[in-house]
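Engineer: next input, structure requested:
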Amino acid sequence: MMKKIWVAFLVLCLLITVQPNQDAKAYLTVTNQLCSAYAIHGLTASGKTTQIGYVAVHFVNGDRAHPFLPFGTKIVTSRVHSGQGDHAYVMTSQGNLMEWVVEDTGIGRGTAYWVDFWLGNQVTAENFGYGDCDYAIINL
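Structural biologist: Numbers count the residues shown, from 1 in each chain. Alright, predicted model coming up:
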């Protein structure tokens, strides 16, 4: 009897102390999505100054201030096929980047999860061209 009470006590303690992390954000991995690059300087749709590490996504309902993925969402590339070749990253003037943050919107072609990497230099963006990529969506 004492053993059953002890086990019940331990289970109760675990139920009380092990709570799911309410701050944990789900993520989704998307594959074979169209991607492109741009280099227009100025303010993004979120109101921030363009910089390497920002990415644009589709906007919804004709409103550039409402992105398909919320502003601040982080994406992490795992495969990028473009004019730069086949890599897990995008080559930029600041190094090879895999982590990007949604801060802009645009009119992309094709796939729902299209992304447009801001590269800051028109020649670099043109060399990137159009491609396809796989990436994980973090902290929606």
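
Engineer: can you list contacts of the longest strand along the chain?
Structural biologist: Among the elements of the chain assigned as strand by DSSP state E, the one spanning the most residues is strand 28-38. For strand 28-38, the external contacting residues (CB atoms under 8 Å, 6 or more residues apart in numbering) are 56, 78-80, 82, 90, 106, 108-119, 124-125, 128-137, 140. Bear in mind the C-beta positions are built from the backbone N, C-alpha and C, glycine included.

Engineer: give me the subset of those lying in helices.
Structural biologist: Using DSSP state H, the members of the contacts of strand 28-38 that fall within helices are Thr124, Ala125, Phe128.

Engineer: quick revisit: buried ones in the longest strand of the chain?
Structural biologist: Of the residues in strand 28-38, those buried under the neighbour-count criterion (16 or more other CB atoms under 10 Å) are Val30, Gln33, Leu34, Cys35, Ser36, Ala37, Tyr38.

Engineer: now the ones in helices among the contacts of strand 28-38: which count as buried?
Structural biologist: Buried positions within these, assessed by neighbour count (16+ other CB under 10 Å), are Thr124, Ala125, Phe128.

Engineer: for Val7, report the pLDDT, please.
Structural biologist: Reading off the confidence values, Val7 has pLDDT 39.

Engineer: strands along this protein, start to end?
Structural biologist: Along the chain, the segments classed as strands by DSSP E run 28-38, 54-60, 63-67, 74-82, 85-87, 90-92, 95-97, 99-106, 115-118, 131-138.

Engineer: just to revisit the earlier point, could I get the buried ones among the ones in helices among the contacts of strand 28-38 as CSV with distance to Gly47 and pLDDT?
Structural biologist: Output for these, formatted as CSV (distance: CB to CB, whole Å; pLDDT from 0 to 100):
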residue, distance to Gly47, pLDDT
Thr124, 24, 95
Ala125, 22, 96
Phe128, 25, 96
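
Engineer: closest one of those residues to Lys48?
Structural biologist: Taking CB to CB as the measure, Ala125 is the one of those closest to Lys48, at 18.5 Å.

Engineer: tell me the spacing between that closest one and Ala136.
Structural biologist: In this structure, Ala125 and Ala136 are separated by 23 Å, where distance is defined by CB to CB, to the nearest Å.
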